[in-house]
Each structure stands twice: as C-alpha cells, then as structure tokens.
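**Student:** Predicted model and sequence follow; I will ask about them next.
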There are 2 protein chains.
Amino acid sequence: MKSEQSLIPDFDTYPITQKVLRAEIVPDGVLVHWGDGLASRLHKFWLRENSPDGATMHPESREQQLLLTDIPDDLQAAEVAPTGDGGLYVRWKPDGQESRYHPGWLRAHVPAAPANQHDALPSRQTWTAATLGALPSFAADDIAKDDAACGAWLEAIHIHGIALLTGLPSKPEVIFDIPAKIGPIRETNFGRAFDVRTDGPVTSNAFTALGLPVHTDLCTREYLPGLQFLHCLRNDANGGESILVDGFRVAQALRQEAPDLYETLSSQPIIFANKARDTDYRFAAPMLTHDRNGDLIEVRLSPWLRAPLATPFEITDKLYRGLRHFLRLCEDPTYRLIYRLQPGDMLAFDNRRLLHGRLAFDQQTGTRWLRGCYVELEELHSRLRILARQRRQAALAQS
Amino acid sequence: MKSEQSLIPDFDTYPITQKVLRAEIVPDGVLVHWGDGLASRLHKFWLRENSPDGATMHPESREQQLLLTDIPDDLQAAEVAPTGDGGLYVRWKPDGQESRYHPGWLRAHVPAAPANQHDALPSRQTWTAATLGALPSFAADDIAKDDAACGAWLEAIHIHGIALLTGLPSKPEVIFDIPAKIGPIRETNFGRAFDVRTDGPVTSNAFTALGLPVHTDLCTREYLPGLQFLHCLRNDANGGESILVDGFRVAQALRQEAPDLYETLSSQPIIFANKARDTDYRFAAPMLTHDRNGDLIEVRLSPWLRAPLATPFEITDKLYRGLRHFLRLCEDPTYRLIYRLQPGDMLAFDNRRLLHGRLAFDQQTGTRWLRGCYVELEELHSRLRILARQRRQAALAQS
C-alpha cells in the first residue's frame, strides 16, 4: 500500500464513529465488516467512482472527473484491507489503481446504515392555533448580529413553517436584505419583489381591499415558490389582519375525518390558471402532494386561480366534497392564527405548507402596504445543512 | 331572463364553434346538448362557481371572489335554457341567482369535449444528429424587430429543445436582454448570470478546461432550471466545441434496447449533491421523470454531482447498468451534434431535455468565455399560449 494522501470527496465533515475491522472480496464488490457488527456490501462501481483520489475527484472542485463509462466492465477488487485509521483500502484490477476510503465518510455513505443521517434536517412540527400559541418571534437586531439567533430563526421557519421578525425599518428596500441571509430571490412576473397595496392596476384580487381566503401563492406554476417573505410597511386601515393556517395540520384533520376525500385530493389533478391579459400560466396537480415516502410535502390551494375542473362528473363531485371539507376546516378557529402585522414586521413562511389570507379592510380608513418576495425552500435547507456542518466541525475541533 | 351583460371569466378568446341546442336539469347538475350531438353533464358547483357575473368574478381581475364554501349545499338549478347566442342560461335556487355562459367559453371548458385544446402547446419532436441536420438558427436582428420571427424562435426552442441565435454583440450584458423576451431570470447561487471561464475559483468542473460529459444543469435542485441560455463572448482556444444531445431521443433508444433498465432509471431515485464549501444542495429523484400521462418530461443527468448511490446492492447494480447504457448512447455520434460556438452566438435550450457538454480545450492557445442564465419553461409556455391567443383574436377580428 502506498501512503499517498486521499481526499474527502466533498467539503463536509465526517466524524469517525465506527471503524472497518475486516474486508473481503465478494462477487461484483467488497463486503466490509464494521466494529459494531454492521456488514456493508459495496458495489465495485460504487467504490471505484467514489475513490477519493485526485484523478477520480478534481482536487479543487471535489467533483468527479472520472467518467463512469471509463471504468472497465471487468473491474474487480484484487486486494482489500482495513487501513490504519479504520478506513478501507482497495487495489483494483485490471488497472492496478488503489483507493483509500476515510472511515467517517464511508460509514456516512454506506447504503442502509442505521443512523446514516449526516444530511438530515430537523423534523417539522404541525400546529393548531392553541398548540402554537403565538408566532415564533425574533428581533431583527438579534439575527443581524448573532449567528446563533439567525440559526434559530431559520430552524423555526423550517420546523413550524413560519416565523416573525420584528423591529425592521419600514423601508421598501428592506425586503431584499433579509432573504439575502438565505439565498437568491425567485423573481416572478410580478417582479423581484411585489407590493400588496390597492393603488395599482387590479391584476389580482390581492391588489384589492377584499378579504382573501387562505391560499398558497403562485399555484399556476409547476414549482410553487417555497418561502415567502411579507414585510409590513403600513397597516393603519380598519381590518386587514393576517390569517395563518398550517396546511399540513388541516390535511391531517381531513385525513382523519374523511380519508376517502384526502385520497381524492391527493390523486386527482386540479388545474390552476391565471387570468391575465398578457400571461397564461397554468399547471395541473393534485392539491396534496406527497414525496416517495408518503410524507405530505405540498398543499396547492388558491381559490381564485383554480380553473374549471376538467374531470368526469363523478370525480368532480368528489373533488368538490373534498375541497369544501378542506376549506371549511380552514375556516375553523381551531386552525386559524389571526395576527395584525405592525410596520417593521416581516413574516417568513413555507409557501408550500403555510396557508395565508387576510380579513377585508376599509381603504377609507387608512393604508395597508405589504411588500413580498420569494426564495426557494432548498436555499433554506442548504443553509440548515451548512449550519449543522459547522457545528460538527466545531465539535471535532474541540475533541 | 334578465339581459345583463355577462363576462368571459378570463381574458382569453373563445370562438363559437358549437351552440347549445337544449338543456335539462339532472341530479346535482345540468345536462347540455350541443349542436354536434355532444352531451355534457355539468356539476352544479362547477357551473355556479364559474358563473361569469361580476359578483362571482371580480370584474377587473377576472378572478373568483365567490367562496366555494359560500355556495349552499342544497344549491339546485331551478330553470335552464339555451341563450340567444347559443350559450347556457341557469337560474339557481334557493338564492334566485342567474348565470349566463358564453357558448365558446363553455364548449372550451366542458370536461372531455373532443378537441378541447384551447390551451395546448405544439408537439415536441425528438431528434438525432441526422434528423435535425443543423441547429435551428435565427438572426438576432430578425427576432428583435419581427414578432413572427420571434415567435418562430420560441416555437423552435419548444419543439426541438434548442435553437441558436446568431449575430448578437459580444458584450456581457447581452445575456440579460434575450431572456427578457420570455420571462424573468431564475437567479441561483452562481448569480443572475454565470460565467463559464477558467480565471476564477474552481467551484465546479465547469470552470476548468476539462471536457465535460453531457449533462443537465443544477441537478441538485428539486426543480431543474427549465431553459438555459449560453452566450458566447470568446472562443479562440483549441477545442471547446459544444456537444448537444436530445436526452428524450436517447431515452427512447434506451427504452427500445433495454426496457428493464429504462424502468429502473424511471423509478429508482438517485441522489444529487453539490460539493461546495458554503452550500449543500441535494435532491433525490429518478433520472427519468414522466408526467401523469406517462410522457417523459425530464432527464436529470449530472455525472459529477451524482452522490454515492444509497440503494441496496442489487438495485445499485441495475442502476449502474442503466446509467452506463444511457451514457454510452450519449457518446454515440448518432445522437451527438457537435457545434463550435462563435462570438455573438447564443444557444437557448430546454435544460430538462437537452443534454449539453463540451470537448476539452487548451487554455494555452486562447480564451473560451461563455455567459449563461436560466429562465423557467413555464415562462416559454405562457408566451406560446399568448401568441396562440393573439392569433385567435386576429382570426376572430377578420371573421
């Protein structure tokens, strides 16, 4: 074995929790025996293409430069052994290439290892008005100067689907400062930021003084914006309080009360279409979307952008029963948090989970001006993973 | 029947192709008999919530202001009849509300009507190097001054997944001018525009002189950017030709040659993860994604951002066989169009279909500088629908 230094194949941190005791060559791969008894059967191509050497991984970008098609069909492990630090050594034939795998990296990536959770995010918690009590609230000054407070704010958005920032200046440009802590703004046809006020053209019900039933924004798009920011600049008209509902919690209630309607809303596509003079966005998707584990990941709800249903009569009937049941739950005070935004407040919420609306207001009595923008959820997820990585690095440095 | 004017419930145009001959009240709805023999059974809530009156639809935004939950459970049609223009009249009980539906709008929206295609896009056409022959090419001057040429360019991007613009100035800011004809730019952590050149930090293999195997960009994101623009500012190094492959065509070939591997690549999630110091984007999805009609809508392929597979050994083996087969097809000249970008050229392509790469180049012999950005596919689709609407309006005005 040569003693050449190997890379970690990315810039993450992998504490050594288990070591390789023994390794053996098996058909099409290597069987690795760990100190805790776990046995991992690793495919030869899996090992070969993740070899942390500078010819396989670019030393600067840490991205693969070896092509998968450059690996010969007849690749085999010729010699395998634990390394001195508890990792894995493999010599390959026919090419004689050697690979050395860091034990922490290897254990974090072997398929089906228990607690292989190095990239996991905190669990989300659904809420009713009573269980949440009040909006998770953070002072803008704190998150500006304190990384830990900023991290707590980001986690609250992820866990509860919403958090409030207080004490921001009531200036239009502030809408661009806060998202910059998370990631790039998702621009739409409404601009990089949009103004919710009543003095412009009425291209959406949002730009009237009407009450708005709870909804998620931009349901006409294939990819619903993940995070929404709403900054309050003025709010002195009578009415206009914000209505906030955890769509995932309401979906749980529907599932319990009417599982057949939950199934209908999870499987039957609904068309959403905007109704504008110069754009024609439309997308069809079930109101409730689940990931491949069956976990609910999205509520797509926009009463005024729902196009005429295009389903056969019997399914239409079932869809209406499901929609009406869901909407009635949204009107139940059990699930509704009513909050009056103050100038300088900013809401940040998960637009694929949190339903928002407002009570009607009286334009004659004052002005209501909110400014909003969107950022993707994966920007938040990336930030949360980097925070976790930094905590691991700090723990490693101390140990 | 009162003669009040009714609205079209959006700003689209609906030519009258058929008229309502007769209508009758049926349980929970209305049965409409059309001149061509079609009978449409329409649900009472479907009709009621799409009533084109100013109290149901906001007259300016044309968005619904009636809440679905405000419609009484016991709503029924009390009287139905054709209108004078061939539309449908309904009087409702218990509330006495009247609705009048435009025949063109109604026919365009009744479920399951033949040729209910008012919002359809042109069909896409897959290609090999031989069937495409050359890149669909457009002069930048023409699309700047001629709406029809601009429309043809947009259709080419949609149909073939790629089109070339020639004769643009070789200036960095031009990257922002062309996407503005379609929709807002999708900003990423690489910026609103990104520069593909070799003089910056190597945060991606793209920023080296390495050859790049064909790929789609940003596979680590849940929502792959839909459209990519690449503007050539300089290209005088030896090598660096662009490789362009229709991923949908290669997928067809795989499906024919190895249907079991096609199925594996369509069902088994692959993790994509970036490998950076300060971001950690990751997303797991099958390489091939289909819509609910079974049509292929996305190829997710990025050799150097594919994370270690997390599947059990047997599935891993099958995934490698599928990936290697697909990648070998991509290396087959049958599917590869090689094009040398000239300064002033701009490629626009569907980043969820079109695979792009480059041959290695020699930095010692010159400079290669491309500038890119992303826009969503739905912006293109909206533009194409608006163009079709304008053609319908023009035809109606002439008739």
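**Tutor:** Nice, thanks for sending it over.
**Student:** So A:Trp92 belongs to a strand, correct?
**Tutor:** Yes - under DSSP: H, G, I helix; E, B strand; the rest coil, A:Trp92 falls within a strand.
**Student:** So what's the residue count around it?
**Tutor:** 21 (other C-beta atoms under 10 Å in any protein chain shown). The C-beta positions use only the backbone N, C-alpha and C, and glycine is treated the same way.
**Student:** Assess the claim that it and A:Pro72 are in contact.
**Tutor:** No - using C-beta atoms under 8 Å, A:Trp92 is not in contact with A:Pro72; the gap is 9.4 Å.
**Student:** would A:Ala394 count as being in a helix?
**Tutor:** Yes - when classified by three-state DSSP, A:Ala394 is found to be part of a helix.
**Student:** how about the residues of the stretch 101-250 of chain A that lie near chain B?
**Tutor:** A:109, A:111-112, A:116, A:119, A:183-189, A:192, A:201-205, A:207-208, A:210, A:213, A:221-223 (C-beta under 8 Å from any C-beta of the partner chain).
**Student:** Please check these and keep the buried ones.
**Tutor:** A:109, A:111, A:119, A:183-189, A:192, A:202-205, A:207-208, A:210, A:213, A:221-223 (16 or more other C-beta atoms under 10 Å in any protein chain shown).
**Student:** Okay, and which of the residues you listed map to strands?
**Tutor:** Mapping these onto strands (DSSP state E) picks out A:Pro213.
**Student:** could you measure A:Leu42 against A:His33, distance?
**Tutor:** 12 Å (C-beta to C-beta, to the nearest Å).
**Student:** same question, A:Leu341
**Tutor:** Taken as C-beta to C-beta, the span from A:Leu341 to A:His33 is 59 Å.
**Student:** okay, those two: which has more neighbours?
**Tutor:** More neighbours surround A:Leu341 than the other of A:Leu341 and A:His33, with 21 against 15 (other C-beta under 10 Å).
**Student:** buried sites along stretch A:141-155?
**Tutor:** Buried, per 16+ other C-beta under 10 Å, within stretch A:141-155: A:Asp142, A:Ile143, A:Ala149, A:Cys150, A:Gly151, A:Trp153, A:Leu154, A:Glu155.
**Student:** how long is that stretch end to end?
**Tutor:** With C-alpha to C-alpha, to the nearest Å as the measure, stretch A:141-155 spans 17 Å from end to end.
**Student:** try stretch A:345-354
**Tutor:** Note: stretch A:345-354 ends 18 Å apart using C-alpha to C-alpha.
**Student:** Could you verify my assumption that A:Arg192 touches A:Tyr374?
**Tutor:** No - using C-beta under 8 Å as the test, A:Arg192 is too far from A:Tyr374 to be in contact (9.2 Å).
**Student:** shared neighbours of these two, which are they?
**Tutor:** A:Ile185 (C-beta atoms under 8 Å, 6 or more residues apart in numbering or on different chains).
**Student:** For A:Arg197, which non-adjacent residue is closest in space?
**Tutor:** A:Trp369 (4.6 Å; C-beta to C-beta, 6 or more residues apart in numbering or on different chains).
**Student:** Just name whatever secondary elements whatever helix or strand the one you found lives in is in contact with.
**Tutor:** In the assignment (DSSP states H and E), A:Trp369 maps to strand A:368-375. Contacts defined by 3 or more C-beta pairs under 8 Å, 6 or more residues apart in numbering or on different chains; DSSP states H and E place strand A:368-375 against helix A:174-177, strand A:194-196, strand A:227-235.
**Student:** let's see 10 Å
**Tutor:** Applying 3 or more C-beta pairs under 10 Å, 6 or more residues apart in numbering or on different chains; DSSP states H and E, one finds that strand A:368-375 contacts helix A:174-177, strand A:194-196, strand A:227-235, strand A:346-350.
**Student:** now the second one: how far from the chain's centre is it?
**Tutor:** Right, the one you point to is strand A:194-196. Put simply, strand A:194-196 sits 24 Å off its chain's centre (C-alpha atoms, centre = their mean, to the nearest Å).
**Student:** Please state the mean pLDDT value computed over it.
**Tutor:** The average pLDDT for strand A:194-196 rounds to 92.
**Student:** Partner strands of it and their direction?
**Tutor:** strand A:368-375 (antiparallel) (DSSP bridges).
**Student:** Verify the contact between A:Phe176 and A:Gly191 for me.
**Tutor:** No - judged on C-beta atoms under 10 Å, A:Phe176 makes no contact with A:Gly191 at a distance of 11.5 Å.
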